[in-house]
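In: have a look at this prediction, sequence included:
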Amino acid sequence: MGQKSRIHQHLEKPLIWRDGPEGLYPFPLFWMEGKKDLEGFSGSLCLTFVKEPCQFHPVEGMLIHPYDEVLVFASANVKDMLDLGADVSIEIGEERETYTFSETQVVCIPRGTPHGPVKVSNVRKPFLHYVISLDPVYAAEQIPADALKAPVLGSQKYKDYCRVFKWVVDPVTGLRIQDKYANPEESLAVQKSNLDARGVSHPRNKGDKGPGNAENIVWLFGSEMLGFELNTLWGHYTDPGIWHRAGESHSHPTEEVLVYIGLDAEDPLNLGACCETALGEEDERYVCTTPTAYVQPKGFSHLPQITRWVDRPFGFLVIDLDSTHDSPWKDRNGSKTLYES
């Protein structure tokens, strides 16, 4: 039987591969601003692969944004989610404090904070870089390189702005130290079965997670990102099947975007899999085989998610404009959650 309606098709947004603003990146990327590309979503997103030594964000000098921003450096290595595959540094603040890392990383930049450039060296394997801006329109003041002050040696004013993109695990209990921010359906027993000692979760086929769920996943919340009104997930997915066994759909009190992205830096326009996402009370099913975002307005019912087939591992990320991830589940039986009108 054919699908009865397609009234939510405007919420399906294939990612657009193009050049970013002049002087920001020296290569093309997926560039999606909330106002014009994501149905007025109150944030913006750009994603790209880094394959060789380079300098970006910006190419020269530093930037200042009138909004909060998160720069993510995410591993595409399914066998080791924390191995970034390169050495990366970034300067933060007027003091030009330099932070260097080689593991998957989240760098939080509060509005008005000078930052950049990002410098990449010793690239052993490509990695994914994406930026979440908490504003629907890109804006930046650029500080020319010749206008920068000299670095303040020994300064560590911004040391809490950078963190490894992983959970902090209690070595005694094996649980997340901040487990009060875990999803409500995750019992401590299920969480412990999913979580490894390095702070990466492996939920596929465990507890209420189905065979299509993540091989590797990390999810950070606002309390772990300078109190930003944001929670974000990054995961590797390797197998077909439904993602969640319990409940069929849910909704949130805030806006959200779900993004499917390939992991092959040499073929960025191909997802390498076929993924199905249900939108709305009408249970409309949308299918993508290329990098695609699905916009979820406040109180909008969505899911289940099903991976139909997989040719190669792919990535998935969540951008939710709330410091927590309130997501009451329900069956598709006509009932509504407290966030649905």
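Out: Looks like it arrived, so ask away.
In: helix, strand or coil for Val107?
Out: With DSSP: H, G, I helix; E, B strand; the rest coil as the basis, Val107 sits in strand.
In: before we move on, what about Gln142?
Out: Under three-state DSSP, Gln142 comes out as strand.
In: same question, Ser223
Out: helix.
In: that one contacts Ser323, correct?
Out: Yes. With contact defined as Cβ atoms under 8 Å, Ser223 counts as touching Ser323 (6.5 Å). For the C-beta atoms, the positions are set from N, CA and C on the backbone; glycine is no exception.
In: these two: who's more crowded?
Out: Ser323 (17 against 14; other Cβ atoms under 10 Å).
In: for the more buried one, list the residues it contacts.
Out: Phe221, Gly222, Ser223, Gly227, Phe228, Glu229, Leu230, Asn231 (Cβ atoms under 8 Å, 6 or more residues apart in numbering).
In: again, but for Arg245
Out: Contacts of Arg245 by Cβ under 8 Å, 6+ apart are Asp208, Lys209, Gly210.
In: in TSV, list these along with pLDDT.
Out: Converted to TSV, those look like this (pLDDT from 0 to 100):
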residue	pLDDT
Asp208	85
Lys209	90
Gly210	95
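In: which of the residues you listed has the most neighbours?
Out: Ranked by neighbour count (other Cβ under 10 Å), the contacts of Arg245 have Lys209 at the top, with 23 neighbours.
In: backbone phi and psi for the nearest residue to it once chain neighbours are set aside, please?
Out: Leaving aside its chain neighbours, Lys209 sits nearest to Pro203 (4.1 Å; criterion: Cβ to Cβ, 6 or more residues apart in numbering). Main-chain torsions, Pro203, degrees, to the nearest 10: phi -80, psi -10.
In: over to the one 3 residues further on?
Out: When read as degrees, to the nearest 10, the backbone of Lys206 gives phi -120, psi 140.
In: any idea how many residues pack against it?
Out: Neighbour number of Lys206 under other Cβ under 10 Å is 14.
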